[in-house]
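Undergrad: mind folding the following:
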Amino acid sequence: MGKKGVTIKAAAEILSVSIATLRNWDKTGVMKARRSKKNGYRLYDIGDLEKYAETHHLKRNVSRRVTFVP
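TA: Reported below is the predicted structural model:
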């Protein structure tokens, strides 16, 4: 089984940023998303999100239940 990730919506909620911000970060290389082979959606690794949030002192929304997508 491949690596799992969270959708752009979930990633935006976790980092407390907008979906547009994550799309811009992906385009400019700040935080690259991988694409689902099934539907082409952006997927983010939860570990990468946590590392980015800690490095940049972002407020994380940890109260949200996260659903992983294969």
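Undergrad: and Ala12, what element?
TA: helix 8-15 (DSSP states H and E).
Undergrad: what is that helix packed up against?
TA: Secondary-structure packing of helix 8-15 (3 or more Cβ pairs under 8 Å, 6 or more residues apart in numbering; DSSP states H and E): helix 19-28, strand 42-44, helix 46-55. Any C-beta I mention is one placed from the backbone N, CA and C, and that applies to glycine too.
Undergrad: going on from the first one, what's the next piece of helix or strand?
TA: Going back to what we said before, that points to helix 19-28. Following helix 19-28 toward the C-terminus (DSSP H and E): strand 34-35.
Undergrad: model confidence over that following strand, on average?
TA: For strand 34-35, mean pLDDT rounds to 93.
Undergrad: again with stretch 4-23
TA: 91.
Undergrad: for it, the distance to its chain's centre please.
TA: 5 Å (Cα atoms, centre = their mean, to the nearest Å).
Undergrad: endpoints of it, how far apart?
TA: End-to-end distance of stretch 4-23 (Cα to Cα, to the nearest Å): 19 Å.
Undergrad: same question for stretch 5-18.
TA: Using Cα to Cα, the two ends of stretch 5-18 sit 18 Å apart.
Undergrad: buried ones in it?
TA: Gly5, Val6, Thr7, Ile8, Ala10, Ala11, Ala12, Glu13, Ile14, Leu15, Val17 (16 or more other Cβ atoms under 10 Å).
Undergrad: and for stretch 26-39?
TA: Neighbour-count burial for stretch 26-39 [16+ other Cβ under 10 Å]: Asp26, Met31, Ala33.
Undergrad: which ones are touching the residue lying closest to the first one once chain neighbours are set aside?
TA: If I follow you right, that is Asp26. Nearest residue to Asp26 in three dimensions, chain neighbours excluded: Ala33, at 4.8 Å (Cβ to Cβ, 6 or more residues apart in numbering). Residues counted as contacts of Ala33 (Cβ atoms under 8 Å, 6 or more residues apart in numbering) are Gly5, Ile8, Ala11, Leu22, Asp26, Arg42, Leu43, Tyr44.
Undergrad: show me the contacts for Ile19.
TA: Contacts of Ile19 by Cβ under 8 Å, 6+ apart are Ile8, Lys9, Ala12.
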